[in-house]
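> sequence and predicted structure are below.
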Amino acid sequence: GKDRIIFATKEDHETPSSAELVADDPDDPYEEQGLILPNGDINWNCPCLGGMASGPCGEQFKSAFSCFHYSTEEIKGSDCVDQFRAMQECMQKYPDLYPQEDENEEKEKSSKDLEATLMEASAAKEEKGSS
């Protein structure tokens, strides 16, 4: 049928492997290259995003983060308020996945933390691009 049984002898295991390894492609967007790929695009597969790009609010996160990343406003990201609001509203619908701490003071803190994270990522990108 569909299965095939192959027996390996001791000699088979003593023969060196003839498998060829393919060199890593430095432009492979699925490799862990950090948040920003060499071409300036966002690496949505970066573990540094903590899975935020997937899940029930992944599209809202991508929209907000993309807006911030490509923002050319004097105060970077100031043109992205609507996208961040949509992301926050989505996250509030899934408290088990996106825990909210004490409502008022923590809402301000989490917004500031997110803003700081985005600013750091942006600064790192600019440093990398200017060297």
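That came through, no problem.
> ok, which stretches of the chain are helices?
For the chain, helices defined by DSSP state H occupy the ranges 10-14, 58-70, 81-92, 103-130.
> for the second one, which outside residues touch it?
By that I understand helix 58-70. Surrounding helix 58-70, the residues in contact under the criterion C-beta atoms under 8 Å, 6 or more residues apart in numbering are 36, 42, 44, 52-53, 76-77, 79-80, 83-84, 86-87, 90, 118, 121-122, 125. In short, each C-beta sits where N, CA and C put it, glycine included.
> please identify the buried residues of that helix?
Within helix 58-70, the residues that qualify as buried are 58, 60-65, 67-69, counting by 16 or more other C-beta atoms under 10 Å.
> try the third one
Neighbour counts over helix 81-92 (16+ other C-beta under 10 Å) mark 83-84, 86-88, 90-91 as buried.
> need these in JSON lines with pLDDT and distance to Ser18, can you?
Converted to JSON lines, the buried residues of helix 81-92 look like this (pLDDT from 0 to 100; distance: C-beta to C-beta, whole Å):
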{"residue": "Gln83", "pLDDT": "95", "distance to Ser18": "52"}
{"residue": "Phe84", "pLDDT": "95", "distance to Ser18": "54"}
{"residue": "Ala86", "pLDDT": "96", "distance to Ser18": "54"}
{"residue": "Met87", "pLDDT": "95", "distance to Ser18": "51"}
{"residue": "Gln88", "pLDDT": "94", "distance to Ser18": "55"}
{"residue": "Cys90", "pLDDT": "94", "distance to Ser18": "52"}
{"residue": "Met91", "pLDDT": "93", "distance to Ser18": "51"}
